[in-house]
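Engineer: Sequence and computational prediction follow.
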Amino acid sequence: MSTPASATTLLARLEELGAPELRRLLVEHLTKRKLGLYWESDAIARDDALNADVVLPRHMPEWSHRPDTMAADAPHRNLIIEGDNFDALRLLKSTHAGRVRVIYIDPPYNTGNKDWVYNDRYVGANDRWRHSQWLEFLYQRLRLARELLTPDGVILVSINDENRARLELLMDEVFPGRRIGSLVWRTRQGSMDAKGGFSADHEHVLVYGNSEFEFLGNARDESKYANPDNDPRGPWGSQMLIKSHNAKERPEAYYPIHNQETDTWYLCDPDSVWRFSSTTRPLGSTPKSRTVV
């Protein structure tokens, strides 16, 4: 990837510049820098001019295909756009800005295996600007995708473990304050590309949503909780006091319990120790045995 003419000219003139000019350039450079993600966008051919003369099509209802089983006045429920994703996103922005509730993308993973193209050329593992080109590639497209989301919209982006950190910083920049969380999913079993014995069988999905977004799921089942003793902390449910570890595995949870009212001692089973332990509570006190909701 060639360096832009402005940067090339500046590099050639560095030895000719005097102290005031160098000081001005340094101050300008330092004041433009910011904490967080940074890539050499000025040193690569940016996407701004890519297909700059895009021609947006007009929708011609009378030419649109409708299955015979669909009523003549029925609206289309689906839309398929085939072509460059940069142009497709710009097309959608002109027709669907603020109208898309869910966006899921599976971008190129920047593996260096020549599995993606930037500005009409493959980017290999040894490309000097490989990471900057990848970030710029996604940045331009994520900015367009952001404009498509409804107030309760959400975008989900798949990524591998190697590039998650870079993508997460980029998502924070494009969608500031909108991070919901992330999902981890198992893509395979016993992967062969393990490094140092650490097998990478999982990938990630980053989730960013607008202010009104919320997941719709089943309501929490609290039927197992009650408050028969009017506990001021609210409904509670009893829990098992033992766990499936032995005294050797959990020595801190192997102790007797003393009921001072009845002067009864409850010994611990060495093969199934108490679930609760404490370094501050005396051994004679009873550990908590309820969960309050």
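Structural biologist: Alright, I've got the coordinates. Residues are numbered from 1 along each chain as shown.
Engineer: and the closest residue to R178 other than its chain neighbours, how far is that from D172?
Structural biologist: Leaving aside its sequence neighbours, R178 sits nearest to Y208 (Cβ to Cβ, 6 or more residues apart in numbering; 4.7 Å). Any C-beta I mention is one placed from the backbone N, CA and C, and that applies to glycine too. Y208 sits 9 Å away from D172, going by Cβ to Cβ, to the nearest Å.
Engineer: same question, S132
Structural biologist: 18 Å.
Engineer: So for those two, which sits in the more crowded spot?
Structural biologist: Remark: of S132 and D172, S132 carries more neighbours, 19 against 16, as counted by other Cβ atoms under 10 Å.
Engineer: pull the longest helix from this structure.
Structural biologist: Using DSSP state H, we find that the single longest helix of the chain is helix 130-148.
Engineer: what helices or strands is that one leaning on?
Structural biologist: If you count contacts as 3 or more Cβ pairs under 8 Å, 6 or more residues apart in numbering; DSSP states H and E, helix 130-148 packs onto helix 85-96, strand 100-105, strand 113-118, strand 121-124, strand 149-159, helix 164-174.
Engineer: Of all the residues in the fifth one, which ones are buried?
Structural biologist: If I follow you right, that is strand 149-159. In terms of neighbour count (16 or more other Cβ atoms under 10 Å), strand 149-159 has its buried residues at 149-150, 153-159.
Engineer: what's it in contact with?
Structural biologist: Here strand 149-159 makes contact (Cβ atoms under 8 Å, 6 or more residues apart in numbering) with 98-107, 109, 142, 145-146, 167, 171, 175, 180, 183, 203-214.
Engineer: ok so, going back, need the overlap of contacts for Y208 and D172.
Structural biologist: Counting by Cβ under 8 Å, 6+ apart, the residues touching both Y208 and D172 are R179.
Engineer: SS state for E21?
Structural biologist: For E21, the assignment made with DSSP: H, G, I helix; E, B strand; the rest coil gives helix.
Engineer: any idea how far it lies from H29?
Structural biologist: 13 Å.
Engineer: who has more neighbours, those two?
Structural biologist: E21 (12 against 9).
Engineer: Contact partners for Q133?
Structural biologist: Here Q133 is in contact with 1, 44, 118-119, 123, 127 (Cβ under 8 Å, 6+ apart).
Engineer: N85 now?
Structural biologist: R141.
Engineer: Mind pulling up the pLDDT for it?
Structural biologist: For N85, the pLDDT comes out at 83.
Engineer: Same question for the one 4 residues further on.
Structural biologist: pLDDT, L89: 89.
Engineer: these two touch, right, it and R141?
Structural biologist: Yes. Counting by Cβ atoms under 8 Å, L89 does reach R141; the two are 5.9 Å apart.
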